[in-house]
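Trainee: Curious how this folds, go ahead:
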Amino acid sequence: MGRAKLRAMGTSIEGLVQQIRFSNDESFWTVAGLKVEGELQPVAVVGLMPGVEEGMRVRVEGRWDENRYLASGFVPGVGPAMAKRIVARFGTDAVEVIMQSPHRLAEVPGLGKKRVQALIDAFQERRGAQDALVFLFGLGIPRGLAMRIYRRYREGTIAFVKRAPYKLAEEVMGIGFQKADQVARGLDIALDDPGRLRAGVYHCLRVARDDGHCFLPRGALVAASEELLGVATDLIDRAVSALAVDGKVVVSDGPDPVDSEVVYLSSLYEAEVESAHHLASLLSQAAPAGEDAAERVTVAAGGLGIALAQGQEAAVRLALERGTVIVTGGPGTGKTTIIRTLIEACGLPPHQVALAAPTGRAAKRMSEATGREALTIHRLLEFAPADGHFQRDESNPLATALAIVDEASMVDLPLFYALVRAIPAGAHLVLVGDQDQLPPVGPGSPLTDLITSGRVPVARLTEIFRQGAGSAIVDNAHAVNRGEPLSATPPGTPLQDFYFVAREDPEHICQTIETLVTSRIPERFGLDPVRDVQVLSPMRVGPIGIDALNERLQALLNPLPPDTPEAVKRMGFRVGDKVMQIRNDYDRGVFNGDLGFVRRVDPKVGTLAVVVDDREVLYDREQRDDLVLAYAITIHKSQGSEYPAVVLPVSTHHFKMLRRNLLYTGITRGKRLVVLVGTERAMRIAVSNRGVEVRNTQLDLRLARALDGALDLA
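Mentor: Model prediction:
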C-alpha cells in the first residue's frame, strides 16, 4: 500500500499487534509495531494503551508523525532526510537498530563505510542520552524541551522526571505547569496528588507574577487554582499552607479588610519587604549637599552653557539635597539636561558617580547624552551568570556617592531590590523616568509605588523645552496624556514628524504599513527600511499583530531566492533578517529586547550567527527559540528604545489594548517620525481610556511603615 496511501486513510488504522517495543506498567505508555494489511513493514504506534498485548487485533486513532528522535538533530549527521532513509529501511526497529546494532546502518542505501563509521561513533558518543530522549519523546515532550531537560539532569533525567515531574516547571525554562501535568498524566500521577496540588498553586502565583503582580489575595489564588486543578477548595487551601511551611510562599497581611490575607512567592515577598527597608535607610542617611546647592547648580549650568528653567533648577537642587529623589516627566521636558547638570554640580570624581539604565539600549543613549560611561543595572551590580546572583549587595556595596538610574519606569521589583541593597549608606540615588509609560515587564512597579507613597521627594517636569518645542511627536504625546485629540499632519503636506493615515479594515492597514515601510518613508525621509523603521503593534496575534506583520514584512524586505533549499526555508530565519532576543541569556551576554541582524545561516547544523551591538552571537538549534523576527515588535518590547521612525497600527481589532499609556509609549518611541495607521475611532478610544493596569503591590505601604518606625516591616 505504501506509507503515503496509508496516511491518506486518515487518523484511524486497524491491524495486528506484532510486537510490543516498549511498555510502562505504571502509566501504560506503549510503543508497538502494528501489522496493517498491505504494508510490508509494521506501523509504529505510540501512546497510552492499557491491556494491549502481542497478537491482539486493534484499531487505533491518532496523528501521523516522523520518528522524532532520529530527526531531532541530536546526533550529528542525522537530520530529517537521513532519518527518513533510516526509518524507510528499518521501520519500527529503527531506534532499536541504532541502540543495539548500529553496524546495520550499512544496510541503508547510499551509506558508505566511512559514513557508517562516523554515524556509529556519533551514536556511541551520544549513547548516554539516548534512553533519556526516547523516554521524554515518548511522554510527548518536543525536541527542544527534551534537550533542555536532558542538559539539566543528564544521566539522572529518567529517574528525576519519574520522581518529580512537576519540578520541571520550576527548573526548566519553557516547561510550564500544563506541560509538566501532561508528563505526570503519562506517569499515572493522581489528580489529587499533593505534589500536583502544590505545583498548581505555585503555577498560579507564577502566572500572576508574569502579569506584573507581587501577590494574589488568598481567595483569588484558591479560586484560580481550583479552576486549574479541578479539585475541592479544601485541598487547595491545604496546598497553600503546605507551600508556606516549605518556605516557597509567604502568607501575609493584605492592604485592606477585603483582601486581609495575601500570598506571595517567597522571593517577591523578600524583595518588597527588604526594598522598603533599604530605601528607608537611604532616605534618612544621605549626606547633606555641603555648600549652597543653589549656587552649585547655577555654576554647573553656566559651565555647560545651559539656561535652566525654574523647574529644572529645582529638580537638580532637590537631587543634591535629599538622599533619594525621583525626577519624572514626559518627552521634551528636559530630563537629560537635569542629569547632565546634576553630574556637573555634584562635584564628585567620575569613579564616584554611577550611571545606569535597565537595558543596553537605554544605557547607550545615556552615555551618548552625558559623555560619561553608563552601564546596564546588571553590569553595574556585577551579575554573575554562573550562580545567578549579583556580586554587589549590602555586604559588598558600590563604591559610589551618587547613582543615577535612567528609564526607571522599566525597573521591576526584583531588579529594584538588587539596586537599592547595593547603594552604600550616605549615597544619593536619583531615579529618572516617565511615570506615564507602560509599567515594567516584570512584577511590581517601583517607580509608581514610590511616587504614590508620598514619602519620596519627587520633581515633576511639565514644561516642554526647546529640544521638544515644535515637534508634533512631543505635542501629541502630551495630548494623549491629557486625554485630548491628536493633531496629525495630513498626507501630502511638507515633511513633518507626525502623520495619521486613515484606513478601516485590517488588510488595508497592513497594505499601507507595507507601502510606508518599504517605499514611502525611505523615499521621503531617506531612512533605511530595515534599520531605521520600526513597526510597533499592541498585540502579537491577529491580522495586524506582530506575527502576521513580520511574515509579510520579511517577504517584502528580505525575500528568499526562488532556488532556496528547503532546509534553509525550514530555519525560519534568513541572512539579513532583523531579529530580537526574547529572554535574558547572561552566559552569552544577550538580553530580552536586544535587536540584531542575521549574518550567517547554517542549515546543516541548524545554527545562526547574529550581530548584536557590533558583536557576533552564535545560536544553536535550542537557542534559536530565544529569537523572533523584529521587523515588527510589541509596544511593550519597545520600552527603553528609540527609533528614527515608528509606524503604529491603531485599530479596534486591538480593542482590549486600546489604552492611553500604550499609545503614549508607542508614540514616544519615535525620534524623527511617527506614523499612525488605522481609524479615528480607535484613536479616540485609546486616548479616552485611562484604564491603567492595577498591580498587586504593597511597596508604598511597607515604605511608609519603615519610615514611621514600625518594628515589623511585613
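Trainee: Let me see the residues that make contact with stretch 145-154.
Mentor: The contact list for stretch 145-154, computed with C-beta atoms under 8 Å, 6 or more residues apart in numbering, reads 72, 74, 128-129, 132-133, 136-137, 141, 157, 160-161, 168, 171-175, 179, 621-622. For every residue, glycine as well, the C-beta is placed using N, CA and C.
Trainee: again, 7 Å this time
Mentor: 74, 129, 132-133, 136-137, 141, 157, 160, 168, 171-175, 622 (C-beta atoms under 7 Å, 6 or more residues apart in numbering).
Trainee: same thing with stretch 510-522?
Mentor: Taking C-beta under 7 Å, 6+ apart as the rule, stretch 510-522 contacts 501, 503, 527-529, 533, 535, 543-544, 549, 552-553, 556-557, 645, 647, 649, 673, 675, 677.
Trainee: Just give me the closest of the contacts of stretch 145-154 to Val601.
Mentor: Using C-beta to C-beta, Glu622 is the member of the contacts of stretch 145-154 that sits closest to Val601, with 16.2 Å.
Trainee: residues contacting that closest one?
Mentor: So Glu622 contacts Gly144, Met147, Arg148 (C-beta under 7 Å, 6+ apart).
Trainee: circling back to that earlier point, please flag which of the contacts of stretch 510-522 sit within strands.
Mentor: Among those, the residues falling in strands (DSSP state E) are Val501, Val533, Val535, Ala645, Val647, Pro649, Leu673, Val675, Val677.
Trainee: List the buried residues in the longest helix seen in the chain.
Mentor: In the chain, with assignment by DSSP state H, the single longest helix is helix 266-285. The neighbour-count check on helix 266-285 (16 or more other C-beta atoms under 10 Å) flags 267-269, 271-283 as buried.
Trainee: Most widely separated two among these?
Mentor: Across these, the longest distance by C-beta to C-beta is 24.2 Å; it joins Ser267 and Leu283.
Trainee: that older thread, if any of the ones in strands among the contacts of stretch 510-522 are buried, put those into a ChimeraX selection.
Mentor: Buried residues among the ones in strands among the contacts of stretch 510-522 (16+ other C-beta under 10 Å), as a ChimeraX selection:
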select :501,533,535,645,647,649,673,675,677
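Trainee: contacting residues for Leu342?
Mentor: Val316, Ala319, Ile404, Val430.
Trainee: repeat for Leu308
Mentor: Ala301, Thr341.
Trainee: With the one 10 residues further on instead?
Mentor: With contact set as C-beta under 7 Å, 6+ apart, Leu318 has these partners: Val325, Pro457, Ala459.
Trainee: Next, work out how far apart it and Asp192 are.
Mentor: 58 Å (C-beta to C-beta, to the nearest Å).
Trainee: and what of Cys510?
Mentor: 49 Å.
Trainee: So for the two, which sits in the more crowded spot?
Mentor: Neighbour count, other C-beta atoms under 10 Å: between Cys510 and Asp192, Cys510 has more, with 19 against 12.
Trainee: Confirm that one sits in a helix?
Mentor: Yes - counting by DSSP: H, G, I helix; E, B strand; the rest coil, one finds Cys510 located in a helix.
Trainee: Which strand runs longest in this protein?
Mentor: Max-length strand for the chain by DSSP E is strand 12-23.
Trainee: What are the buried residues along it?
Mentor: Ile13, Gly15, Val17, Gln18, Arg21.
Trainee: Name the nearest of the residues you listed relative to Ala301.
Mentor: Once C-beta to C-beta is applied, the member of these that ends up nearest Ala301 is Arg21, at 79.7 Å.
Trainee: show me what contacts Lys656?
Mentor: Going by C-beta under 7 Å, 6+ apart, the list of residues near Lys656 is empty.
Trainee: Kindly recompute the last result at 10 Å.
Mentor: Pro538, Met539 (C-beta atoms under 10 Å, 6 or more residues apart in numbering).
Trainee: swap in Glu295?
Mentor: Arg317, Ala345.
Trainee: next one: the one 4 residues further on
Mentor: Listed by C-beta under 10 Å, 6+ apart, the contact partners of Val299 are Glu344, Ala345, Gly347.
Trainee: From the residues you listed, pick the one nearest Val258.
Mentor: Ala345 (47.3 Å).
Trainee: what's the spacing between the closest one and Gly606?
Mentor: Distance from Ala345 to Gly606, by C-beta to C-beta: 54 Å.
Trainee: The two: which is more packed in?
Mentor: Ala345 (24 against 18).
Trainee: Tell me if I'm right that that one and Ala319 touch.
Mentor: Yes - under the criterion of C-beta atoms under 10 Å, Ala345 makes contact with Ala319 at 8.6 Å.
Trainee: helices or strands up against the helix or strand where Gln178 lies?
Mentor: Taking DSSP states H and E as the criterion, the element that holds Gln178 is helix 177-186. Using 3 or more C-beta pairs under 10 Å, 6 or more residues apart in numbering; DSSP states H and E, the elements in contact with helix 177-186 are strand 43-48, helix 157-163, helix 167-171, helix 194-210, helix 218-229.
Trainee: continuing past the first one, what's the next helix or strand?
Mentor: Proceeding C-terminally, strand 43-48 gives way to strand 57-61 as the next helix or strand, assigned by DSSP H and E.
Trainee: orientation of that following strand relative to strand 12-23 in degrees?
Mentor: Counting by axes from the mean of the first three to the mean of the last three C-alpha atoms, to 10 degrees, strand 57-61 points 100 degrees away from the direction of strand 12-23.
Trainee: Please spell out which residues along strand 57-61 are buried.
Mentor: In strand 57-61, counting by 16+ other C-beta under 10 Å, buried: Val58, Val60.
Trainee: which residues touch it?
Mentor: 10-17, 32, 34-35, 43, 45-47, 49, 51-52.
Trainee: can we see that at 7 Å?
Mentor: Contacts of strand 57-61 (C-beta under 7 Å, 6+ apart): Thr11, Ser12, Ile13, Glu14, Leu16, Val17, Leu34, Val45, Val52.
Trainee: Closest one of those residues to Val480?
Mentor: Thr11 (51.8 Å).
Trainee: State the pLDDT value of the closest one.
Mentor: In this model, Thr11 is scored at 69, pLDDT.
Trainee: same question, Ile326
Mentor: pLDDT, Ile326: 97.
Trainee: Select only the buried ones of the contacts of stretch 145-154 in PyMOL?
Mentor: Of the contacts of stretch 145-154, the buried ones can be selected in PyMOL as follows, counting by 16+ other C-beta under 10 Å:
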select buried, resi 74+129+132+133+136+137+141+157+160+168+172+174+175+622
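Trainee: Now for the contacts of stretch 145-154: which two are most distant?
Mentor: Checking the contacts of stretch 145-154 with C-beta to C-beta, the most distant pair is Phe74 and Glu171, at 20.8 Å.
Trainee: List the buried residues of the helix or strand following the longest helix of the chain.
Mentor: Going down the chain from helix 266-285, the next helix or strand is helix 293-304, by DSSP H and E. Neighbour-count burial for helix 293-304 flags Ala293, Ala294, Arg296, Val297, Thr298, Ala300, Ala301 (criterion: 16+ other C-beta under 10 Å).
Trainee: mind giving me CSV with these and columns for distance to Val420 and pLDDT?
Mentor: Shown next, in CSV, are those (distance: C-beta to C-beta, whole Å; pLDDT from 0 to 100):
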residue, distance to Val420, pLDDT
Ala293, 23, 83
Ala294, 28, 86
Arg296, 26, 90
Val297, 26, 92
Thr298, 31, 91
Ala300, 26, 91
Ala301, 29, 91
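Trainee: what's the closest residue to Ile509 other than its chain neighbours in contact with, if anything?
Mentor: In space, Ile509 comes closest to Arg503 once its chain neighbours are excluded; the distance is 4.7 Å by C-beta to C-beta, 6 or more residues apart in numbering. Shown in contact with Arg503 (C-beta under 7 Å, 6+ apart): Ile509, Thr512, Val677, Gly678.
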